[in-house]
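A.B. asks: this one's sequence-less:
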């Protein structure tokens, strides 16, 4: 089974919706292979993902799946050093995460993970290459030094052998060859006359790889050293495994947390890699797509559609874009459900939350099982009666039987199933079903618009219309004689042909109306832009005017002080008269104070520039206002009164604040405590574990006289949040508690 999905059903759904490549793109950002399904509160997950927009996590190490190793540790198995190093890399990552400059939500996550000193001590024994650090193990250091010396001695002896004149005629070359890890010489046949050596292999040319007997003693020493080195490795592997056995629940916890962080990081990286958005599933059952781009289509035409009713019935020509609309809606629901980024307008897109996504897309005919197309469809519809809270896509619903009979039957089935809470998007190129359901208020008719002139779908859709099939036009375009097509039109009948023409005409009129509406919206937007520019220009000019007046007043006051100083030194009547005249001119040139609106009251709704605001307090010439949660002190003259809207009654919201403990543990030691102390510690410990979401914890009470055992057992029996508890096998001094 594909590891990207928890089950085959989800993998099949992904394939039917053409999302495999997009899912593999997400999986490419994972540090280790896992299912794409992110279990838990979608809103909480989205907060962590969005918080990564401005921060970068330390690089996540590539790790294998560790669940099996953790299971082995829980049973006291001994792991290899290379396997232990995988856990060390996990510990190193969380240490680096704690040291990063993180946003509050990520800082809280990192602070909740306290790595035990025993595990940190194990990690300190490893080098960056995953080997035991010989600086921490003196005997290992001595062995490594000895091995290097032996290797050098071997090279020296081989070099001396190469330079021997007796062997020169038998040497193929004067090099030292590495043959399967052993340093050797390459010689011709007959070498045994001048050299005692062991043959360890033959070359393709018939020559011999040999190791001189003079190296045997060194080889023996080297072999003993390697055996001792292996013994040391095994001893430390066993010791480390025993310590990790005591902390296997913690290792299981951080392994699970690593996967959660890996999910968040992969989605954040995918968001940064392209023009994608994270759309949370909405509690409603509406699906409103705006500029949605299906990831499987290159140069895709963005789709905008409203699916707010129970049933969407899509009609139109074959290969006209009906199936792509169906797959786009279901794909948006799928990707929102599993928090997979995709391209759309995030401000106007709404995607409902559904427990199940069902598809009836393929021809279910099976010769092996003696099932016809229509019979297969009936079996698929029968299954729908046993599910709830689902969105269902049905492609070419009337496939395999008489169109009129199928229309009546499927109308009944769709009405019954939609009354049970199922939401349907159905495609058909027959008009009978559409006409039967057109008067139903819970049905949305959608026509897929086809470009007949260029013979391709437009991927645009008209609401409230029935699409034309273009059967006659298509037949004639592909070479059927015109007189045969005309004869077919006669068989169809004038009335039905006129209905078809009316359908086409209404579609064309609606397309024209939409084009004009779009043009009007663009003109309106341009007008708003111009209006905003003029308002900004007005405010800029007013500000420049105020600054100019301020500069003039400053210059005037400075000049005035100079004149006054001069007058003090030499009294002059003419100068006094001119000074008074300047004062009078200044008072006349001073601009009038702006008019202040009358009858302003606290709580009034006003307009400040282009923003709506609420008055918080009033002074003689100033007011304190609230603009989108920001408090500003502004002149009253800049406010304009607007009618106050009647506030909608607010629903009372009851909130409960829980102070989450800063330090959390999955194990509690009670050794040496009195009964009353132990009771209090256990109660606090279980409360902390519940807040942190632990479902299994350990209480170490020892055996002793059995007092603590009885206290703990009595308390756990009465605690309402304890599912069960049992003594650890082989360790009667500890109890495992399931919450």
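C.D. replies: Perfect, I can see it now. Being a predicted model, the structure only gives us computed values, none of them experimental.
A.B. asks: Tell me where the stretch 401-550 of the chain is predicted with low confidence.
C.D. replies: Within the stretch 401-550 of the chain, the ranges that satisfy pLDDT under 70 run 452-455, 467-478, 489, 491-512, 514.
A.B. asks: Tell me where it has strands.
C.D. replies: Counting by DSSP state E, counting those that start in this stretch, the stretch 401-550 of the chain has strands at residues 423-428, 443-451, 456-463.
A.B. asks: Can you give the domain ranges for the protein?
C.D. replies: 8-116+247-273, 138-233, 287-492, 518-588, 605-641, 667-738 (automatic domain parsing).
A.B. asks: can I get the strands of the stretch 401-550 of the chain in CSV with distance to residue 11 and mean neighbour count?
C.D. replies: All C-beta spots, glycine's among them, are computed from the backbone N, C-alpha and C. Shown next, in CSV, are the strands of the stretch 401-550 of the chain (distance: least, CB to CB, whole Å; neighbours: other CB atoms under 10 Å):
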stretch, distance to residue 11, mean neighbour count
strand 423-428, 22, 25
strand 443-451, 29, 23
strand 456-463, 27, 18
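A.B. asks: Among those, which comes closest to residue 721?
C.D. replies: strand 423-428 (37.8 Å; CB to CB).
A.B. asks: And the contacts of that closest one?
C.D. replies: Outside strand 423-428, the residues that touch it by CB atoms under 8 Å, 6 or more residues apart in numbering are 285, 307, 310-315, 322-323, 325-326, 329-330, 352, 354, 390-398, 410, 414, 417-418, 433-434.
A.B. asks: Take those residues and keep only those in helices.
C.D. replies: 322-323, 325-326, 329-330, 410, 414, 417-418, 433-434 (DSSP state H).
A.B. asks: closest to residue 634 among those?
C.D. replies: Residue 634 has its nearest neighbour among the ones in helices among the contacts of strand 423-428 in residue 329, at 47.8 Å by CB to CB.
A.B. asks: Test for you: state the pLDDT assigned to the closest one.
C.D. replies: As predicted, residue 329 sits at a pLDDT of 96.
A.B. asks: And it, how close does it get to residue 417?
C.D. replies: Relative to residue 417, residue 329 is positioned 17 Å away (CB to CB, to the nearest Å).
A.B. asks: Who has more neighbours out of these two?
C.D. replies: Between residue 329 and residue 417, counted using other CB atoms under 10 Å, residue 329 has the larger neighbour count: 24 against 20.
A.B. asks: quick one, helices of the stretch 601-739 of the chain?
C.D. replies: Here the stretch 601-739 of the chain has its helices, by DSSP state H, counting those that start in this stretch, at 675-691, 707-718.
A.B. asks: Out of those, flag the one nearest residue 226.
C.D. replies: helix 675-691 (47.5 Å).
A.B. asks: Need the contact partners of the closest one.
C.D. replies: Outside helix 675-691, the residues that touch it by CB under 8 Å, 6+ apart are 658, 660-661, 664-666, 668, 670, 673, 697, 699, 701, 707-708, 711-712, 715-716, 719, 721-722, 737, 739.
A.B. asks: ok, now stretch 599-610?
C.D. replies: For stretch 599-610, the surrounding residues in contact (CB under 8 Å, 6+ apart) are 532, 535, 539, 597, 612-618, 623, 625, 627, 632, 634, 636, 638-645.
A.B. asks: Sort out which of these are buried, if you could.
C.D. replies: For the contacts of stretch 599-610, a burial check counting by 16 or more other CB atoms under 10 Å picks out 613, 615, 623, 625, 634, 636, 638-639.
A.B. asks: Out of those, which comes closest to residue 177?
C.D. replies: residue 613 (86.7 Å).
A.B. asks: quick revisit: possible to save the helices of the stretch 601-739 of the chain as CSV with distance to residue 108?
C.D. replies: Listed next are the helices of the stretch 601-739 of the chain as CSV, based on distance: least, CB to CB, whole Å:
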stretch, distance to residue 108
helix 675-691, 13
helix 707-718, 29
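A.B. asks: With mean neighbour count and distance to residue 200 added, can I get these in TSV?
C.D. replies: Shown next, in TSV, are the helices of the stretch 601-739 of the chain (neighbours: other CB atoms under 10 Å; distance: least, CB to CB, whole Å):
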stretch	mean neighbour count	distance to residue 200
helix 675-691	16	61
helix 707-718	16	65
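A.B. asks: if we can go back for a sec, can you redo the strands of the stretch 401-550 of the chain as a markdown table with distance to residue 121?
C.D. replies: Converted to a markdown table, the strands of the stretch 401-550 of the chain look like this (distance: least, CB to CB, whole Å):
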| stretch | distance to residue 121 |
| --- | --- |
| strand 423-428 | 57 |
| strand 443-451 | 65 |
| strand 456-463 | 62 |
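A.B. asks: Quick one: closest of these to residue 485.
C.D. replies: It's strand 443-451; of the strands of the stretch 401-550 of the chain, that one is closest to residue 485 (CB to CB) at 17.9 Å.
A.B. asks: Could you name the helices and strands sitting against that closest one?
C.D. replies: strand 303-307, strand 311-315, helix 322-337, helix 432-437, strand 456-463, helix 494-569 (3 or more CB pairs under 8 Å, 6 or more residues apart in numbering; DSSP states H and E).
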